[in-house]
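Student: Attaching a predicted model along with its sequence, questions to come.
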Amino acid sequence: MKPAEVFGLCYNQLPEATLLISAVGTIQHANRAAKQFLNFEGQLEGTRLQELVNDPPEKVARLLSLFGRSRDLFPGTLLLKGRQLSTRACRIEGAIFNANELEKWLLVRLFSKESTGREFLALNERHETLNRQLLERRKAGEKLHAQQEWLRATLGSIADAVIATDIHGKISFLNGIAENLTGWKQMEAVGMALSNIYDVGIEPPLQLTSKTGHQIPIEESAAPIRDAKGVIAGSVIVFRDVSARREAEAAMQRSIEALRKSELLYRGIGESINYGIWICTPDGRNVYASDSFLKLVGITQDQCSSFGWGELLHPNDIDQTIAGWNECVQTGGNWNIEHRFLGVDGKYHWVLARGVAVRDESGEVINWAGINLDIDQAKAVEENLRSSEWNLRKVNEASMRANEDLRQFAFAASHDLQEPLRMINSFSQLLIKAWREGREAEAVMSVGVIREGTERMRNLLTDLLSYTQLSEDGNQPLVKIDLNVTVHKVIENLRVAIEKSTARITVETLPVIEGQDAHFMQLFQNLIENAIKYQSSASPEIHVSAERLNDGWKIGVADNGMGIDLAHHQKIFGVFKRLHGKSIPGTGIGLALCQRVVERYGGQIWVESELNQGATFYCTIPATTGSTA
Amino acid sequence: MSEPFQILLVEDNPADVYLLRMALTNAKLHFELNVIEDGALALDYVDRQGKNPSSRIPDLAVLDLNLPKIEGLEVLQAIRSNLRFAEVPVVITTSSSSARERARSMQLGVEQFLTKPPDLESFLKIGTILKDILMVKSKQI
């Protein structure tokens, strides 16, 4: 079928006046609308376009030329012949309809001026619609593009490597990280089999072998890709380089190992010294104590953790330790204490505990840690030192007291010995004088004074000898003395005085002690003699008693005599100190001697008495020298 | 003949009392001797006489330092702190002469601090010393 025929079939129906003309302007075909519009009497086919218009042939030729170069309809205007002015001006548009080797045909459409506006509006509207559609399409494209870009950027920028495959396992996408890790570029990888570029072995831990042969430890996860209908369209693999983490884990493992080793080390150190180390919770509960300590006191770690250690403290150390530890836990201060623990050997052991609060970065106490040190030996040395220091001081004091005794003794002796000498001297002169002058009574009296003086002198010298001997016979061996026997002998010695004074003496059972018999003879002789001598108006009642003390014996000699004023209770034990004049004979040495004896054995002597109420002399004798008779 | 001098003697040794009486007699002194044998009795005496305004206060006190019960220095202190006895001249006689006792006596105020001489002749001279003190005192009055 020829073009014109096709044209005729299709375009006879078009509402516009449409012509098919040759390139030189000869009408080949006109549709029905064109025949009506042109209202041409005769055959339009074969007529030239120039014949229908008043326009100069140059203008028509130029229009045809323009139409002949245009694929889109090209607009122009013409003046149709023989018509009213209102219908003369018409609008024409034309374009190439068909071009072959033989001829070029043009499609031309004609519009009256009135219809031109309407047509233009319609065209314009269409144009706008097209434009709008175009714009929307472009926008949608841009949006799509942006989404694509965004996706690309996201995949490219995430820290994990991403590989996507299609349903056949062929690579469809690699992001930047995946490129870096595998060593493959997206361009070269797309379409290749996954296993070619993602070689991770089978057994965990996964090791990616890169294109260049590097081994990279990785972690991966994979998921299927589904299309809009939910059908699996491929898969995506996300993986990451975990070498840094593996390194960190290895480092952690190494440090845990190091920690374990150091714990073994410190425990080892703890075991190597008595009594090791300890660790407590912030609130003071023990969680670890070295075996050496647990073995010392014979408790388990569990018992230690439930404060079992507190029960093993020396009774004298408990309060101080518990209170101190509680305070320490509250204040967070340093722990430092010396205390004694009851060991499994049944002995108390000195332990020095020291510790500190272990704090975290924020200063919070996370533990208490410290040491237990065996300081038994140090304590023993300290104790020795202290006791030798104490002994030294005792010796020093004793020597000072001895010096003072000696000084007092020398002074008193010079006085007390001079007195009878002066008497003897003065009255022997008076005796001579009285004898010459024949005063017999004075002579007799003088002789009496001289005799008294010599007697006194003798007594003094005897007592002084006993007193000084006490200092000298310190090296005599101690023997067992039954004090019952001693007192019996004393009573025998004093028989004359006892009978004369009608004194009654009662004696309780007395202990056996260790000492020198002479010393205790002197002690009881002086005390009982005094009790008889310083009697009151009643006849003397004397009672010798013995009382067991925790650490020895308390011996008492009680009388019903004249008693001693409280003011003199100390003074009476001094050398040559006497409360009575010539009416009651005495040397003033007796009680000094007693004191010396008792102190020699580590005891004390004192008197309990009131004036006219009798007196009881007590002395203590430490148990180291005594036992029950 | 004038009133005898009243002399208080605090002394526990009867032999010394005998000697002092002899010394005063040898000094041809007209005297009455009031002997008290221990410190406690002496304190009682001073206290009693001090409270009794009509009693006679001694013209001289002779005091042994080494007394039973209460020592001489304590008696001296009681004498010096008693209003009526405060002006009584006191002579100390002692057989020991400790510097401390001497200093303390002087501090309390005594006429003489005498160590009992070891021979009879020197002892009897004490009578003259006491007489001189009494004579000076009687002239003052």
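Tutor: Thanks, I have it. Owing to the predicted nature of the structure, the values given are computational and were not obtained by experimental measurement. Numbering: from 1, shown residues only, chains lettered A, B, ... in the order given.
Student: Quick check: A:Leu199 vs chain B, distance?
Tutor: Quick fix: residue A:199 is Asp, not Leu. Going from A:Asp199 to chain B by C-beta to the nearest C-beta, to the nearest Å gives 118 Å. Just so you know, the C-beta spots here come from the backbone N, C-alpha and C atoms, and that holds for glycine as well.
Student: who's in contact with the closest residue to that residue other than its chain neighbours?
Tutor: Nearest residue to A:Asp199, sequence neighbours excluded (C-beta to C-beta, 6 or more residues apart in numbering or on different chains): A:Thr209, at 4.6 Å. Going by C-beta atoms under 8 Å, 6 or more residues apart in numbering or on different chains, A:Thr209 touches A:Asp199, A:Val200, A:Gly201, A:Gln215, A:Ile216.
Student: so what pLDDT did the fourth one get?
Tutor: Residue-level confidence at A:Gln215 comes out at 86, pLDDT.
Student: Repeat that for the second one.
Tutor: In this prediction, A:Val200 carries a pLDDT score of 81.
Student: what's the neighbour count on A:Val485?
Tutor: 14 (other C-beta atoms under 10 Å in any protein chain shown).
Student: actually A:Gln330, not the one I wrote
Tutor: Neighbours of A:Gln330 using other C-beta under 10 Å come to 10.
Student: give me phi/psi at it?
Tutor: Taking degrees, to the nearest 10, you get phi -70, psi -40 for the backbone angles of A:Gln330.
Student: Tell me who's in contact with the residue nearest the centre of chain B.
Tutor: For chain B, the residue nearest the mean C-alpha position is B:Val62 (1.1 Å; C-alpha atoms, centre = their mean). B:Val62 makes contact with B:Ile7, B:Leu8, B:Leu9, B:Val10, B:Glu11, B:Leu20, B:Val90, B:Val91, B:Thr93, B:Leu130, according to C-beta under 8 Å, 6+ apart.
Student: What about A:Ser466? Give its phi and psi, please.
Tutor: The phi/psi pair for A:Ser466 (degrees, to the nearest 10) is phi -60, psi -40.
Student: neighbours of the closest residue to A:Leu20 other than its chain neighbours, just the number please.
Tutor: Excluding its sequence neighbours, the residue lying closest to A:Leu20 (C-beta to C-beta, 6+ apart) is A:His29, at 4.2 Å. Neighbours of A:His29 under the rule other C-beta under 10 Å: 21.
Student: Who does the one helix or strand A:His29 maps to pair with, and is each partner parallel or antiparallel?
Tutor: Per DSSP states H and E, A:His29 falls inside strand A:27-30. Using DSSP bridges, strand A:27-30 pairs in its sheet with strand A:17-22 (antiparallel).
Student: Buried residues of the strand it pairs with, list them for me.
Tutor: A:Ala17, A:Thr18, A:Leu19, A:Leu20, A:Ile21, A:Ser22 (16 or more other C-beta atoms under 10 Å in any protein chain shown).
Student: average pLDDT for it?
Tutor: Averaging pLDDT along strand A:17-22 yields 86.
Student: can you give me the helices for the stretch 501-629 of chain A?
Tutor: Taking DSSP state H, counting those that start in this stretch as the criterion, the stretch 501-629 of chain A contains helices spanning A:517-533, A:590-600.
Student: any residues touching stretch A:494-514, and which ones?
Tutor: So stretch A:494-514 is contacted by A:478-484, A:486-488, A:491, A:520, A:525, A:528-529, A:531-533, A:535, A:539-546, A:548, A:553, A:555, A:621, A:624-629 (C-beta under 8 Å, 6+ apart).
Student: wait, what's in contact with B:Asp119?
Tutor: B:Asp119 makes contacts with A:Asn425, A:Ser426, A:Gln429, as judged by C-beta under 8 Å, 6+ apart.
Student: Same check on B:Val90?
Tutor: With C-beta under 8 Å, 6+ apart, B:Val90 has these contacts: B:Leu60, B:Ala61, B:Val62, B:Leu63, B:Leu76, B:Ile79, B:Gly109, B:Val110, B:Glu111.
Student: I'd guessed the second one sits against B:Ala86; true?
Tutor: No - under the criterion of C-beta atoms under 8 Å, B:Ala61 is not in contact with B:Ala86, lying 11.6 Å apart.
Student: Kindly point out which residues are neighbours of both of these two.
Tutor: B:Ile79.
Student: More neighbours: these two, which one.
Tutor: B:Ala61 (26 against 12).
Student: tell me the mean pLDDT over the top helix by length along chain B?
Tutor: Longest helix in chain B by number of residues (criterion: DSSP state H): helix B:126-140. For helix B:126-140, mean pLDDT is 88.
Student: Which elements pack onto the lowest-mean-pLDDT helix or strand in chain B?
Tutor: When each helix and strand of chain B is scored by mean pLDDT, DSSP states H and E, helix B:99-108 comes last, with a mean of 86. For helix B:99-108, the elements it packs on are helix B:72-80, strand B:112-115, judged by 3 or more C-beta pairs under 8 Å, 6 or more residues apart in numbering or on different chains; DSSP states H and E.
Student: what residues does chain B put near chain A?
Tutor: B:12-15, B:18-19, B:37-38, B:66-69, B:95-96, B:98, B:116, B:118-121, B:123 (C-beta under 8 Å from any C-beta of the partner chain).
Student: Next, A:Leu78: secondary structure please.
Tutor: Going by DSSP: H, G, I helix; E, B strand; the rest coil, the secondary structure assigned to A:Leu78 is strand.
Student: Packed most tightly, which of the helices and strands packed on helix B:99-108 would that be?
Tutor: Among these, helix B:72-80 has the highest mean neighbour count (mean count of other C-beta atoms under 10 Å in any protein chain shown), at a mean of 20.
Student: if we can go back for a sec, just the buried residues of the contacts of stretch A:494-514.
Tutor: A:481, A:483-484, A:486-487, A:491, A:520, A:525, A:528-529, A:531-533, A:535, A:540-546, A:553, A:555, A:621, A:625-626.
Student: Okay, and which of those map to strands?
Tutor: A:Ile481, A:Glu541, A:Ile542, A:His543, A:Val544, A:Ser545, A:Ala546, A:Trp553, A:Ile555, A:Ile621, A:Gly626 (DSSP state E).
Student: Tabulate the residues you listed (a markdown table), appending distance to chain B and pLDDT.
Tutor: Below are those laid out as a markdown table (distance: C-beta to the nearest C-beta, whole Å; pLDDT from 0 to 100):
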| residue | distance to chain B | pLDDT |
| --- | --- | --- |
| A:Ile481 | 35 | 90 |
| A:Glu541 | 24 | 94 |
| A:Ile542 | 23 | 95 |
| A:His543 | 26 | 95 |
| A:Val544 | 27 | 95 |
| A:Ser545 | 29 | 94 |
| A:Ala546 | 32 | 94 |
| A:Trp553 | 33 | 92 |
| A:Ile555 | 28 | 94 |
| A:Ile621 | 31 | 91 |
| A:Gly626 | 37 | 42 |
